[in-house]
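In: For reference, the sequence and a predicted model appear below.
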Amino acid sequence: MLDRLIRPKPSGGIPRGLSTTGPVLFSYGFRPFFLGAALWAIAAMVLWISALTIGLDVAGDYGAAHWHAHEMLFGFSSAVLGGFLLTAIPNWTGRLPVSGGPLAALLGLWVVGRLALLSSGVIGLPVAAGIEALFLPVLLLICAREVIVGRKWKDLKVIGGLVLLSAANIWFHLSVLRDLDEDAAARLAIAAYTMLIMIVGGRIVPSFTRNWLNKVGRTNFPVPYNRFDTAAILIGVAALAAWTFAPDHIVTGAIALTACAFHTVRLFRWRGLATWPEKLLFVLHAAYAFVPLGFLAISAGAIELLGEYPVMHVLTVGVIASMMLAVMTRASRGHTGRPLVGSAITSASYVAIMAAALIRPLADVLPVHYHHLIALSGVLWIAAFALFTLEYGPMLVCDRRSPRASA
């Protein structure tokens, strides 16, 4: 392994390090998983629209509607999360990243999971679900090992999010297999992603903002992390937990409304408006703005002003997908050594995903225009990730460059 890694394989562990030979795609975790996530975001949405419009049989016995919900939460989103964590955790711990053959094998496990669900009518539902359910626990073990060996105990919060996602995925499959309501499992997954965004977003958004403001000579820096941020996260977690298990309860609405207020103030403390000239940074603030909006939607849903699915789509498309696209673009530029400046194509992808996030919930609110709004939001979703693939695909598969320190 010495000729393939910067450093030798640590004893008793999996091979780690920046791969210096072989395909560039497998030299760092963000490369294959961000590209795979974008391509699957496009393909999965095309299949879902085809199922709705021409009755295409998607995923056989698993069911097209169940498959669509699952693949947005555990297919596309888990790939982005995997790419982010396999890149960020080495930065947090100072340990070498997984790359080369082990990274290719992990990507293969994710791909096999996508194919298994699509083939559930052939291989059987239990087998398909069992194969698909492997990826998140394996990712969990890899990330947990790195955090524990690196003694970064504060990052165990992120590992906790992966535990919840793994459990939610298994719960979702079991609900489908037993013909039970899978919405609670979906809510748990959405809650886990939102929790991770509150935790990690609270680390990277103000940090990147401070660096940029300092670079341009400004002094109106974000308020440093303090007890208010801790309180905002804890109240947000409480609201998400209540929504997961009692979405229609008045107490859930009250807690969510309180969380909305806290996270609105938290976002304001990060000085996002000052970053408007740099879209690659401003979009992180814009994406995080869907967090308090999501809590407001949960509160409205608890008193039946909104249905369950509009609430879910504010969180899935607005909070999760918007933040993931924002992180994918910045990390892809930063970790391939390119300037942290957003292009017109990048900005267009942001507009598309956020427009989709606002339009999709309206489909349930305005049933007369349901099919038109569904189609429009789906097209905007496809456009967002097609633009990402067009611009960032070559960066992810081409020449190696040294990452920028501020990525």
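Out: Ah, there it is.
In: okay, CA-based contacts and neighbour counts for the rest of this
Out: Will do.
In: can you list contacts of the helix or strand hosting residue 228?
Out: With secondary structure defined by DSSP states H and E, residue 228 is part of helix 227-245. By Cα atoms under 8 Å, 6 or more residues apart in numbering, the residues outside helix 227-245 that reach it are 184-185, 187-188, 191, 195, 198-199, 202, 252, 255-256, 258-259, 262-263, 266, 295, 298.
In: From residue 243, how far off is residue 251?
Out: 10 Å (Cα to Cα, to the nearest Å).
In: Mind splitting the protein into its structural domains?
Out: Annotated domains of the chain cover 22-180, 189-399 [automatic domain parsing].
In: Now render those domains as CSV, adding mean neighbour count.
Out: Putting those into CSV (neighbours: other Cα atoms under 10 Å) gives the following:
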stretch, mean neighbour count
domain 22-180, 19
domain 189-399, 20
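In: For those domains, please prepare CSV with the additional fields mean pLDDT.
Out: Formatted as CSV, those follow (pLDDT from 0 to 100):
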stretch, mean pLDDT
domain 22-180, 93
domain 189-399, 95
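In: ok, then the element right after the helix holding residue 228?
Out: Counting by DSSP H and E, the next helix or strand C-terminal to helix 227-245 is helix 250-268.
In: just checking, what packs against the helix or strand harbouring residue 87?
Out: Using DSSP H and E, residue 87 maps to helix 77-93. The contact analysis (3 or more Cα pairs under 8 Å, 6 or more residues apart in numbering; DSSP states H and E) places helix 77-93 against helix 30-54, helix 135-149, helix 322-334.
In: Between helix 77-93 and the second one, find me the angle.
Out: Just to be clear, that refers to helix 135-149. Angle of helix 135-149 versus helix 77-93, following axes from the mean of the first three to the mean of the last three Cα atoms, to 10 degrees, is 10 degrees.
In: mind saving the C-alpha coords of the helix holding residue 228 as CSV?
Out: Provided in CSV are the C-alpha atoms of helix 227-245 (Å, rounded to 0.1, in the frame of the first residue of the first chain):
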residue,chain,number,x,y,z
ARG,A,227,-25.0,29.1,25.5
PHE,A,228,-27.7,30.6,23.2
ASP,A,229,-26.6,28.2,20.4
THR,A,230,-26.7,25.3,22.7
ALA,A,231,-30.2,26.2,23.8
ALA,A,232,-31.3,26.6,20.2
ILE,A,233,-30.0,23.2,19.3
LEU,A,234,-31.6,21.5,22.4
ILE,A,235,-35.0,23.2,21.8
GLY,A,236,-34.7,22.2,18.1
VAL,A,237,-34.0,18.6,19.0
ALA,A,238,-37.0,18.6,21.4
ALA,A,239,-39.3,20.0,18.7
LEU,A,240,-38.0,17.4,16.2
ALA,A,241,-38.5,14.5,18.7
ALA,A,242,-42.0,15.7,19.5
TRP,A,243,-42.8,16.0,15.8
THR,A,244,-41.5,12.5,15.1
PHE,A,245,-43.8,10.8,17.6
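In: Find out how far the lengthiest helix in the chain is from the centre of the chain, if you would.
Out: Of all segments of type helix in the chain, defined using DSSP state H, the longest is helix 183-215. Per Cα atoms, centre = their mean, to the nearest Å, the displacement of helix 183-215 from the mean C-alpha position of its chain is 9 Å.
In: Same question for stretch 105-122.
Out: 19 Å.
In: How about stretch 327-344?
Out: 17 Å.
In: And for stretch 255-264?
Out: 22 Å.
In: Quick one: residues in contact with that stretch.
Out: 232, 235-236, 238-240, 289, 291-296, 298-299.
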